[in-house]
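Trainee: sequence and predicted structure, then a few things I'm wondering about:
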Amino acid sequence: QTGQNVTLNCRYDIRKEGALHACWNKGEIPSRGGCNNKLISTDGYKVIKKTRVSSRYQLLGRLDEGDVSLIILNLTEEDAGLYGCLVEIPGWFNDLKHHFGLSVEKGLRKGSFLRHFSLSQTVCTVVGGVEQKHFLRWRRTRAVPQALLYLCIAEELLQYMGKNFCTLGSKDVTDPKKNRMMLN
């Protein structure tokens, strides 16, 4: 949702490969390699400051552990679209590429209320692996008949049995008598 932050995970095995150049692209990574619409990049040790197009794009992971995950701060509707992470591994056709489709919905302002809700939870699922496009799919589910509505944001992607899953954070302040929820 607009105003939230999102993390798109991208990691490589730094113990095996050593520190490598990586970049984030808005749009698909070109087949010839490189980031033609670069948002931010790293030399393997630190962010290359002149490549960062906005302070809203951050690499706050442990670069020294191969974590080049992109954090987009204060999402806007214009941030929706395809993103690509490229880690340049030496040799022919060795580059690591991950693609993410990000959708951004208009968020509610802090202090606003939701009225007459009936859905209980928002869940984010990411499916895919290396060289596959990852799309964030949001769905709403009802866990129990009298469940409350939770607003969730994707905080990180975890790998489990070859698939990626979002972990979610949620906060809510509810007033069950008035059937509404205040956003924190």
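Mentor: That came through, no problem.
Trainee: residue boundaries of the helices in this structure?
Mentor: For the chain, applying DSSP state H gives helices covering 14-17.
Trainee: where does pLDDT dip in it?
Mentor: For the chain, the stretches with pLDDT under 70 are 108-184.
Trainee: by neighbour count, which bits of stretch 87-104 are buried? Give me those.
Mentor: Judged by neighbour count (16 or more other CB atoms under 10 Å), stretch 87-104 contains these buried residues: V87, E88, I89, D95, L96, K97, H98, H99, F100, L102, V104. Any C-beta I mention is one placed from the backbone N, CA and C, and that applies to glycine too.
Trainee: how about the residue nearest to P30 when sequence neighbours are not counted, what does it touch?
Mentor: Spatially, and ignoring its direct neighbours in sequence, P30 is nearest to N36 (5.4 Å; CB to CB, 6 or more residues apart in numbering). Applying CB atoms under 8 Å, 6 or more residues apart in numbering, we find N36 in contact with N25, G27, P30.
Trainee: what is the nearest of those to L70?
Mentor: Nearest to L70 out of the contacts of N36 is N25 (CB to CB; 10.0 Å).
Trainee: G84 is in contact with that closest one, correct?
Mentor: Yes - using CB atoms under 8 Å, N25 is in contact with G84, at 4.3 Å.
Trainee: which neighbours do these two have in common?
Mentor: Among the neighbours of N25, those also in contact with G84 (CB under 8 Å, 6+ apart) are C35.
Trainee: surely D95 and C35 touch.
Mentor: No - the criterion here is CB under 8 Å, and D95 misses it with C35 at 11.1 Å.
Trainee: need the residues touching each of these two.
Mentor: Contact criterion CB under 8 Å, 6+ apart; residues shared by D95 and C35: L86.
Trainee: domains of this protein?
Mentor: As assigned by automatic domain parsing, the chain contains the domains 6-102, 113-182.
Trainee: what about Y45, neighbour count?
Mentor: 9 (other CB atoms under 10 Å).
Trainee: need the contact list for it.
Mentor: A19, L63, D64.
Trainee: do the same with L20
Mentor: Contact analysis of L20 by CB under 8 Å, 6+ apart lists Y12, I14, G44, V87, E88, I89.
Trainee: so what touches stretch 61-73?
Mentor: Under the contact criterion CB under 8 Å, 6+ apart, stretch 61-73 has outside partners 5-15, 17, 19, 22, 24, 39-40, 42, 44-47, 55-60, 79, 83, 85, 87, 102, 156.
Trainee: just the CA atoms of it, as CSV, please.
Mentor: Extracted C-alpha coordinates of stretch 61-73, given in CSV (Å, rounded to 0.1, in the frame of the first residue of the first chain):
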residue,chain,number,x,y,z
GLY,A,61,21.0,-6.0,4.2
ARG,A,62,24.4,-7.4,5.0
LEU,A,63,26.4,-6.9,1.8
ASP,A,64,29.3,-8.8,3.4
GLU,A,65,26.9,-11.8,3.5
GLY,A,66,25.6,-11.5,0.0
ASP,A,67,22.3,-9.8,0.9
VAL,A,68,21.6,-7.2,-1.8
SER,A,69,17.8,-7.0,-1.0
LEU,A,70,16.1,-3.8,-2.2
ILE,A,71,14.1,-1.8,0.2
ILE,A,72,11.7,0.8,-1.3
LEU,A,73,10.6,3.3,1.3
